[in-house]
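1. the following comprises the amino acid sequence and a computationally predicted model.
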Amino acid sequence: EPEVTQTPSHQVTQMGQEVILRCVPISNHLYFYWYRQILGQKVEFLVSFYNNEISEKSEIFDDQFSVERPDGSNFTLKIRSTKLEDSAMYFCASSELDVLSTNEKLFFGSGTQLSVL
Amino acid sequence: LAKTTQPISMDSYEGQEVNITCSHNNIATNDYITWYQQFPSQGPRFIIQGYKTKVTNEVASLFIPADRKSSTLSLPRVSLSDTAVYYCLVEGTGRRALTFGSGTRLQVQP
């Protein structure tokens, strides 16, 4: 079964540093997403991306966050100046655009555990 | 956005059938009911989706009564590897983001 790949699996950084989390979505998928999960808490939506632009974002996704699809395969999440509260597991997901479907099914990666010290 | 309510946790033993019920009293006409499974340190994984009546796949069954105000995920003959958090989501067409609640933490004992 095709899968979403995320790298690195773990990232440790100092507060105030920039981090880039990388994802390779499933090849024929057109919608891309980032979610995060703070330890012991809910999976929270950050942003969705389609056709090279953000289609929806949550209040968590402030000016410190940005997303990019630099080439035909990668999808990245950048945190410009990390804070302690950014420590979480970050999940990338993708979905296939199907004009006949009435609800999307998301495929999630295994996540990047970000630790901000 | 329909709010969902499901038990915080459930315990079972290997080989038993597990039924997890989710309440969604405010479900809208165009909302579908979707269940995801999440193992520790992994991303959620789609299990099953339905609109009404019964849906069955190789992993689970989903029972939805006529009023659609609740749904029941049924896992036949669970094993230790079914220990996970199970999320019930109710989302309408055209949405781009899924909203996860707290889920039901299923613990399967030997």
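-> Here it is on my side, so go on.

2. which residue is the nearest non-sequential neighbour of residue B:15?
-> Excluding its sequence neighbours, the residue lying closest to residue B:15 (C-beta to C-beta, 6 or more residues apart in numbering or on different chains) is residue B:77, at 5.4 Å. To be clear about C-beta, it is placed using only N, CA and C from the backbone, and glycine gets the same treatment.

3. can you confirm the one you found is in a strand?
-> No. Looking at residue B:77 with DSSP: H, G, I helix; E, B strand; the rest coil, it is coil, so not inside a strand.

4. is it true that residue A:104 touches residue A:94?
-> No. At 9.8 Å, residue A:104 does not count as touching residue A:94 under the criterion of C-beta atoms under 8 Å.

5. and for those two, which residues touch both?
-> Common contacts of residue A:104 and residue A:94 (C-beta atoms under 8 Å, 6 or more residues apart in numbering or on different chains): residue A:31.

6. ok, the residue nearest to residue B:15 touching residue B:16?
-> Yes. Using C-beta under 8 Å, residue B:77 is in contact with residue B:16, at 7.2 Å.

7. helices or strands next to the lowest-mean-pLDDT helix or strand in chain B in the packing?
-> Ranked by mean pLDDT, DSSP states H and E, the weakest helix or strand in chain B is strand B:84-92, scoring a mean of 90. Helices and strands touching strand B:84-92, as assessed by 3 or more C-beta pairs under 8 Å, 6 or more residues apart in numbering or on different chains; DSSP states H and E, comprise strand B:18-23, strand B:31-38, strand B:70-75, strand B:104-109.

8. so what touches the longest one?
-> Taking C-beta under 8 Å, 6+ apart as the criterion, the residues outside strand B:31-38 that touch it are A:43, A:102-103, A:105, B:2, B:22, B:24, B:27, B:44-51, B:60, B:62, B:64, B:68, B:71, B:73, B:84-93, B:98, B:100, B:103.

9. now do stretch A:45-62, average pLDDT.
-> Model confidence over stretch A:45-62, given as mean pLDDT, is 91.

10. and that stretch, what's buried?
-> Buried residues in stretch A:45-62, counted by 16 or more other C-beta atoms under 10 Å in any protein chain shown: A:45, A:46, A:47, A:48, A:49, A:50, A:57, A:58, A:60, A:61.

11. picking that back up, convert the least confident helix or strand of chain B to PDB, retaining C-alpha atoms only.
-> The C-alpha trace of strand B:84-92 is given here as PDB (Å, rounded to 0.1, in the frame of the first residue of the first chain):
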ATOM      1  CA  ALA B  84      -5.100   1.700  20.000                       C
ATOM      2  CA  VAL B  85      -7.100   4.900  20.100                       C
ATOM      3  CA  TYR B  86     -10.200   4.900  17.900                       C
ATOM      4  CA  TYR B  87     -11.600   8.200  16.700                       C
ATOM      5  CA  CYS B  88     -15.100   8.800  15.400                       C
ATOM      6  CA  LEU B  89     -15.300  11.800  13.000                       C
ATOM      7  CA  VAL B  90     -18.400  13.400  11.400                       C
ATOM      8  CA  GLU B  91     -17.500  15.600   8.500                       C
ATOM      9  CA  GLY B  92     -19.500  17.100   5.600                       C
END
